[in-house]
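Colleague: Based on what follows, work out the 3D shape:
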Amino acid sequence: MPLTNNVIIKLNEITTMVEDKSKLTESDVREIKSIFQKLVKNNERYNIDEIEFWFENEGSWNTRESRIRIVNLSSYIQDKYQQTAHLRIISDDDCDCGH
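Modeller: Numbers count the residues shown, from 1 in each chain. You can find the predicted model right below:
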């Protein structure tokens, strides 16, 4: 699945936001997580391999460790969201148990 324009815009935001692309700060990591969380909450889906390919070809991410860290964060956030999205809590009123 190719990356949507919204996802590409957010990847560009990450690129602009991170000053030292050779090493992500804790602040960078928090902001990157937040960006990916907003994407998945808005039902934007992305292919992790496409994210990795985008960062490899973007041009300013020369340090592989930083690229891999961002890819791992994107994967973690998407997986976490998908797992919790499948959980559903049923109230007592909806149990159809005859009470």
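
Colleague: Could you use CA atoms for every contact and neighbour count after this?
Modeller: Fine.

Colleague: ok, and for the worst-scoring helix or strand of the chain on mean pLDDT, which residues are buried?
Modeller: Every helix and strand of the chain was ranked by mean pLDDT, DSSP states H and E. The lowest is helix 64-86, at a mean of 89. Residues Ser66, Arg67, Ile70, Val71, Leu73, Ser74, Ser75, Ile77, Gln78 are the ones in helix 64-86 that count as buried (16 or more other Cα atoms under 10 Å).

Colleague: same check, this time on stretch 31-42
Modeller: Buried-residue list, stretch 31-42, by 16+ other Cα under 10 Å: Ile32, Lys33, Ile35, Phe36, Gln37, Leu39, Val40.

Colleague: Isn't the fifth one up against Asp79?
Modeller: Going back to what we said before, that points to Gln37. No. Between Gln37 and Asp79 there is no contact under Cα atoms under 8 Å: 10.7 Å.

Colleague: Could you dump the buried residues of stretch 31-42 into a markdown table with secondary structure and pLDDT added?
Modeller: Output for the buried residues of stretch 31-42, formatted as a markdown table (DSSP: H, G, I helix; E, B strand; the rest coil; pLDDT from 0 to 100):
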| residue | secondary structure | pLDDT |
| --- | --- | --- |
| Ile32 | helix | 98 |
| Lys33 | helix | 97 |
| Ile35 | helix | 98 |
| Phe36 | helix | 97 |
| Gln37 | helix | 96 |
| Leu39 | helix | 96 |
| Val40 | helix | 94 |
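
Colleague: So which of those is the closest to Glu56?
Modeller: Taking Cα to Cα as the measure, Glu56 lies nearest Ile32 of those, at 16.9 Å.

Colleague: That closest one: what's its closest spatial neighbour, skipping adjacent residues?
Modeller: In space, and not counting its chain neighbours, Ile32 is closest to Ile14: 6.6 Å by Cα to Cα, 6 or more residues apart in numbering.

Colleague: Surely the one you found and Ser34 touch.
Modeller: No. Between Ile14 and Ser34 there is no contact, the gap being 10.6 Å when judged by Cα under 8 Å.

Colleague: helices or strands up against the least confident helix or strand of the chain?
Modeller: Under the contact definition 3 or more Cα pairs under 8 Å, 6 or more residues apart in numbering; DSSP states H and E, helix 64-86 sits against helix 26-41, helix 48-58.

Colleague: I'm done for today, thanks for sticking with me.
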